[in-house]
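# Pasting the sequence and the predicted model now:
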Amino acid sequence: AQSVTQPDIHITVSEGASLELRCNYSYGATPYLFWYVQSPGQGLQLLLKYFSGDTLVQGIKGFEAEFKRSQSSFNLRKPSVHWSDAAEYFCAVGAGGGATNKLIFGTGTLLAVQP
Amino acid sequence: DAGITQSPRHKVTETGTPVTLRCHQTENHRYMYWYRQDPGHGLRLIHYSYGVKDTDKGEVSDGYSVSRSKTEDFLLTLESATSSQTSVYFCAISGTSGGSYNEQFFGPGTRLTVL
């Protein structure tokens, strides 16, 4: 069965520092992978997605993610964090095939940004 | 932003009462989903719809039912609310593109408290 693991429940970084949020997935075929961000009291917003092709994917707000099949990982990175990046981040994998577009989400990583 | 609204945005109810949450979209997307979000669990799929009157269960469907009589509306009903159903509920929508995966767009959420 498909699953997503985000090993870090909570991360704190200083403003201007680099960031990497980890995501590992379990899926038998080529996965469809997504990163979403949720600001407090808000719904989820798509940051980026990977379907195929270039394994380094660029997203909005200066984020990028790299798909590594050998490690079953899709880690999210940002070279310099801004205070407005404080939010909860969710990794998700497509499940059930394109006929349903169902997603399985990880449990999330809460990012705090120190001034 | 995708045109998705949820109503009500907040609701407090008592154990044993029926509750219906509404999701309305203006995007004419085929797929609609209901999730619940709880600390430590991320988002878990309750039910989803792949067309008018076509619905299926997700991973946490017990105690919930859904209906979709029009493309734009997807209703989630708690027949007899329990305290374990206190949660934040999110609706999401997704379109189709040649059978490949599409991202899901999320509504603002409904905070439900069952006393």
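On my side now, so go ahead.
# in chain A, which helix or strand is least confident?
Every helix and strand of chain A was ranked by mean pLDDT, DSSP states H and E. The lowest is strand A:102-105, at a mean of 89.
# Downstream of that strand, the next helix or strand is which one?
strand A:109-114 (DSSP states H and E).
# Tell me which residues are up against that following strand.
A:6, A:8-15, A:19, A:21-22, A:81-83, A:85-90 (C-beta atoms under 8 Å, 6 or more residues apart in numbering or on different chains). C-betas here are computed from N, CA, C, even on glycine.
# List, out of those, those positioned next to chain B.
A:9, A:90 (C-beta under 8 Å from any C-beta of the partner chain).
# any chance you could map the strands in chain A?
Using DSSP state E, the strands of chain A run over A:3-5, A:10-14, A:19-21, A:24-26, A:33-38, A:44-50, A:56-58, A:64-68, A:73-78, A:87-95, A:102-105, A:109-114.
# With mean neighbour count as added columns, please give those strands in JSON lines.
Below are the strands of chain A laid out as JSON lines (neighbours: other C-beta atoms under 10 Å in any protein chain shown):
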{"stretch": "strand A:3-5", "mean neighbour count": "17"}
{"stretch": "strand A:10-14", "mean neighbour count": "12"}
{"stretch": "strand A:19-21", "mean neighbour count": "18"}
{"stretch": "strand A:24-26", "mean neighbour count": "17"}
{"stretch": "strand A:33-38", "mean neighbour count": "24"}
{"stretch": "strand A:44-50", "mean neighbour count": "21"}
{"stretch": "strand A:56-58", "mean neighbour count": "14"}
{"stretch": "strand A:64-68", "mean neighbour count": "18"}
{"stretch": "strand A:73-78", "mean neighbour count": "20"}
{"stretch": "strand A:87-95", "mean neighbour count": "24"}
{"stretch": "strand A:102-105", "mean neighbour count": "24"}
{"stretch": "strand A:109-114", "mean neighbour count": "16"}
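# re earlier: what about dumping the CA coordinates of the least confident helix or strand of chain A to CSV?
Output in CSV follows, covering the C-alpha atoms of strand A:102-105 (Å, rounded to 0.1, in the frame of the first residue of the first chain):
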residue,chain,number,x,y,z
LYS,A,102,-6.6,10.4,-4.9
LEU,A,103,-3.8,11.5,-2.7
ILE,A,104,-2.2,10.1,0.4
PHE,A,105,-0.7,12.7,2.7
